[in-house]
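> quick one: sequence plus predicted model below, questions after.
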Amino acid sequence: MAAAAQFNLLGLELQELTGIVEKLGQPPYRARQLFRAIYRERRRELAEVSTLPRALREALASEGYEVRQPQVDRKFTSSDGTIRYLMSFADGQSVETVWMPEGDGGEEGEEEPAAARARRSPRDFSRATICVSSQVGCAVNCQFCLTALLGVQRNLSAGEIVGQVLAVLNDRAVEVERERINLVFMGQGEPFLNYENFMAAVRLLVEAVGIPEARMTVSTAGIVPRIAEFGREPVRPHLAISLNASNDRQRSEIMPINRKWNLEALLEAARRFPLRARERLTFEYVLLEGVNDGQQDARDVVRLLNGIRAKVNLIALNPGPDIPFSTPEDARVREFQQVVVRAGIPTFIRRPRGRDIFAACGQLKRTLETQPLVELG
Ligand code: SAH
């Protein structure tokens, strides 16, 4: 039997739901109930929306409407508690979404003592971070990132971006009102090359799902015109910029996007970015051994960031097959950190999360094997 074309209500704003409900001759409060059921109660299908009369649910279904979250195809659990979800959408395309109990360690820059970590059960978290994808694959082609190897398949819709969060919140049985959830838009894809859908998703996550914008961070490889536009948004996450190099020659080599928007253009946009009270602009810096990890590089980074209320997150390269770089020693990473810290810029070393299951920064490429194999579910 050929299924009729289905239209997913997950992804629509209240106004759009109101239009649909009114067409079926129903009052606007029915749309508010539906809105709440999809995003706050995180119902997985229309039949579960018990606040609506059955007749209305049936009318919606016969019009071809459905409520459908992405499907969790696989789930890989790391020894550090991180979970990498492989999720697929109606057309069979898939992305990854990562759950990190106790944050990503980069925002706070602190490591939880191993003893405390050992005492906790996986369900027992006081805060957690979800890393969300914005595109299937990525077009930016950073030379140290595994996602680049996928190329870009397509943009995700707003509903697909929000849906990843809902699916993880359901899987982890999170109570959004009570538990502290951070979102980072740092999964597969370049959010600023899917700007409209990304921002529509942010608004739904803030207004409908109930996660404050102050707990969200988006990272860009440096799509300069979008940085200015993003600064004008009334509702927006914090901004992180993937700097990754201390000069143009180096940056163009490892991030070809630098040939389009170079460091001068990027830092000009960063300088103009309207920060809120006490807000800092985050700069991420992936350390590649012998490439960009020297003391002189650190001094050059300090000079580049001069005049910007910045903080720096250092990420020692997460290795991967076909990535032609190596990871510097911890001591070298700390030396780099010291130079930047001494210049007065708060600088944190991001603790790698879920490296053993290919869940760490730059490792998302729908890997189905894990080394060592630690797979659940
Ligand atoms: N496309 C956006 C969002 C991805 S965020 C961006 O580039 O910012 C992913 C972060 O991980 C970026 O800061 C990126 O520079 C970093 N990264 C990519 N590959 C990595 C790797 N192999 N090891 C460590 N960090 C990596």
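Perfect, thanks for sending it. All values reported here derive from a predicted model rather than from experimental measurement. Residues are numbered from 1 along each chain as shown.
> quick one: residues contacting the most centrally placed residue in the chain.
In the chain, the centroid-proximal residue (C-alpha atoms, centre = their mean) is F185; its distance is 2.2 Å. Listed by C-beta atoms under 8 Å, 6 or more residues apart in numbering, the contact set of F185 reads V132, S134, P191, F198, M216, T217, V218, S219, P237. Using the backbone N, CA and C atoms, a C-beta is placed for each residue, glycine as well.
> what residues does the stretch 201-350 of the chain have near the ligand?
Contact residues, the stretch 201-350 of the chain versus the ligand (C-beta under 6 Å from any ligand atom): S219, T220, A221, S242, N244, E284, V286, I315, L317, N318, I323.
> quick check: the farthest pair among those?
The span of these, defined through C-beta to C-beta, is set by T220 and I323 at 21.0 Å.
> what is the end-to-end distance of stretch 173-187?
Its start and end residues considered, stretch 173-187 measures 22 Å (C-alpha to C-alpha, to the nearest Å).
> measure L314 to Q337 for me?
Distance of L314 to Q337, given as C-beta to C-beta, to the nearest Å: 6 Å.
> give me the common contacts of those two.
Common neighbours of L314 and Q337, using C-beta under 8 Å, 6+ apart, are T347, F348, I349.
> wait, is the second one part of a helix?
No. Counting by DSSP: H, G, I helix; E, B strand; the rest coil, F348 is located in no helix; its state is strand.
> so in terms of bridging, what pairs with it?
Under DSSP bridges, the beta-bridge partners of F348 are N313.
> quick check: residues of the stretch 1-150 of the chain near the ligand?
Neighbours of the ligand within the stretch 1-150 of the chain, by C-beta under 6 Å from any ligand atom: V140, C142, F144, C145.
> repeat that for 8 Å
For the stretch 1-150 of the chain, the residues in contact with the ligand (C-beta under 8 Å from any ligand atom) are S134, C138, V140, C142, F144, C145, L146, T147.
> between these, which is nearest the ligand?
Among those, C145 lies closest to the ligand (C-beta to the nearest ligand atom), at 3.4 Å.
> and the helices in the stretch 201-350 of the chain, which stretches?
Here the stretch 201-350 of the chain has its helices, by DSSP state H, counting those that start in this stretch, at 224-231, 248-254, 263-272, 295-304, 330-342.
> if we can go back for a sec, neighbour count winner among T220 and I323?
Comparing T220 with I323 by other C-beta atoms under 10 Å, the one with more neighbours is T220, at 25 against 19.
> correct me if wrong: that one contacts R226.
Yes. Under the criterion of C-beta atoms under 8 Å, T220 makes contact with R226 at 7.0 Å.
> list the residues that contact both of these two?
Here T220 and R226 have F192 as joint contacts, going by C-beta under 8 Å, 6+ apart.
> would you mark the buried spots in stretch 301-312?
Under the neighbour-count criterion of 16 or more other C-beta atoms under 10 Å, stretch 301-312 has V301, V302, L304, L305, I308, A310, K311, V312 buried.
> distance of the nearest residue to N155 once chain neighbours are set aside relative to T220?
Leaving aside its chain neighbours, N155 sits nearest to N194 (4.2 Å; criterion: C-beta to C-beta, 6 or more residues apart in numbering). Plainly put, N194 is 11 Å away from T220 if you go by C-beta to C-beta.
> G344 too?
G344 is 25 Å from T220, by C-beta to C-beta.
> same check on R84?
Distance, R84 to T220, using C-beta to C-beta: 22 Å.
> coming back round to it: got CSV for the helices of the stretch 201-350 of the chain, with distance to E160 too?
Listed next are those as CSV, based on distance: least, C-beta to C-beta, whole Å:
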stretch, distance to E160
helix 224-231, 20
helix 248-254, 29
helix 263-272, 28
helix 295-304, 35
helix 330-342, 35
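> would CSV of those with mean pLDDT and distance to V202 be doable?
As requested, those are exported to CSV (pLDDT from 0 to 100; distance: least, C-beta to C-beta, whole Å):
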stretch, mean pLDDT, distance to V202
helix 224-231, 98, 10
helix 248-254, 98, 28
helix 263-272, 98, 19
helix 295-304, 98, 28
helix 330-342, 98, 30
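> nearest to K365, of these?
Nearest of these to K365, taken as C-beta to C-beta: helix 248-254 at 17.7 Å.
> contacts for that closest one?
Helix 248-254 has contacts (C-beta under 8 Å, 6+ apart) with 142-144, 243-245, 258-259, 262-263, 288, 291-292, 297.
> for this protein, just list every one of the strands.
Using DSSP state E, the strands found in the chain span residues 7-8, 65-66, 71-77, 83-88, 94-101, 127-131, 135-137, 152-155, 180-185, 216-220, 238-242, 281-287, 310-316, 347-349.
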